[in-house]
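*Asks:* A structural model of the following input is requested.
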Amino acid sequence: MARYTGPKTKIARKFGEAIFGEDKSFEKRNYPPGQHGANKRRGKKSEYAIQLMEKQKAKFTYGVLERQFRNMFKKARAAQGITGEVLLQLCESRLDNVVFRMGIAPSRSGARQLVSHRHITVNGEVVNIPSYSVNAGDVIAVREKSKSLEAIDRSLSNSSHVYEWITWNNETKQGTYVTIPSRLQIPENINEQYIVELYSK
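*Replies:* So this is what the prediction gives:
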């Protein structure tokens, strides 16, 4: 399964925010990477550069490669509603993202690993495809054999985020993807309009 495996702090510094989650290295050096670091004078970015950077930020945030992202955009454009908002909703509906939002894993890459290793079920069936699209009303749970995993317990005990479109029961280790979130509910700092403009050229 192809995915980005390079240095995450460097990418976070490029975008000026910790897009992969809490990062102590980023907090120490929250300026762009490069030989001259914070002292380098950077010229004004072109419109295309801004649009491209926003697309890259979204791809790295959700752990999606170009072909998958382009396919999601095509799907969003064909759907009813605002294209940019639908695109982010499709990203949020990925199984690895839902597992991350529920607190089962501390990061999306960790959630992707749990799904790939068959630790997660959807409506009682094991699903090992991280990009699987979850529908409103689907029940996501930790597989019975995996409920004693220390990594999952640790992640759940450290999780404090509550999302309006998700319910979670810590005792049964299962939750429901109640509804597709609206754009206002999605906390990611992404300007989806720039992505729409880039792909529409």
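*Asks:* going forward, measure contacts between C-alpha atoms and count neighbours the same way
*Replies:* Noted.
*Asks:* Rank the helices and strands of this protein by mean pLDDT and give me the bottom one.
*Replies:* helix 24-28 (a mean of 52; mean pLDDT, DSSP states H and E).
*Asks:* which helices and strands sit right next to the helix or strand following that helix?
*Replies:* Later in the chain than helix 24-28, the nearest helix or strand by DSSP states H and E is helix 47-62. If you count contacts as 3 or more CA pairs under 8 Å, 6 or more residues apart in numbering; DSSP states H and E, helix 47-62 packs onto helix 192-199.
*Asks:* got a list of contacts for the helix it packs on?
*Replies:* 48, 50-52, 54-55, 83-85, 87-88 (CA atoms under 8 Å, 6 or more residues apart in numbering).
*Asks:* a markdown table please, covering the residues you listed and showing distance to G63 and pLDDT.
*Replies:* Listed next are the contacts of helix 192-199 as a markdown table, based on distance: CA to CA, whole Å; pLDDT from 0 to 100:
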| residue | distance to G63 | pLDDT |
| --- | --- | --- |
| Y48 | 22 | 92 |
| I50 | 20 | 89 |
| Q51 | 18 | 93 |
| L52 | 16 | 92 |
| E54 | 14 | 92 |
| K55 | 12 | 94 |
| T83 | 20 | 97 |
| G84 | 18 | 96 |
| E85 | 18 | 97 |
| L87 | 14 | 97 |
| L88 | 13 | 96 |
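*Asks:* Dump those residues into a markdown table; add distance to Y194 and neighbour count as well.
*Replies:* A markdown table is the format used below for the contacts of helix 192-199 (distance: CA to CA, whole Å; neighbours: other CA atoms under 10 Å):
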| residue | distance to Y194 | neighbour count |
| --- | --- | --- |
| Y48 | 9 | 12 |
| I50 | 8 | 15 |
| Q51 | 5 | 21 |
| L52 | 8 | 16 |
| E54 | 7 | 21 |
| K55 | 8 | 23 |
| T83 | 11 | 20 |
| G84 | 9 | 20 |
| E85 | 12 | 20 |
| L87 | 12 | 23 |
| L88 | 13 | 22 |
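*Asks:* quick one: which of those is nearest N191?
*Replies:* E54 (6.6 Å; CA to CA).
*Asks:* Next one: the residue nearest the centre of the chain relative to G124, how far apart?
*Replies:* Taking CA atoms, centre = their mean, the centroid of the chain lies closest to Y62, which sits 3.0 Å from it. Separation of Y62 from G124 (CA to CA, to the nearest Å): 25 Å.
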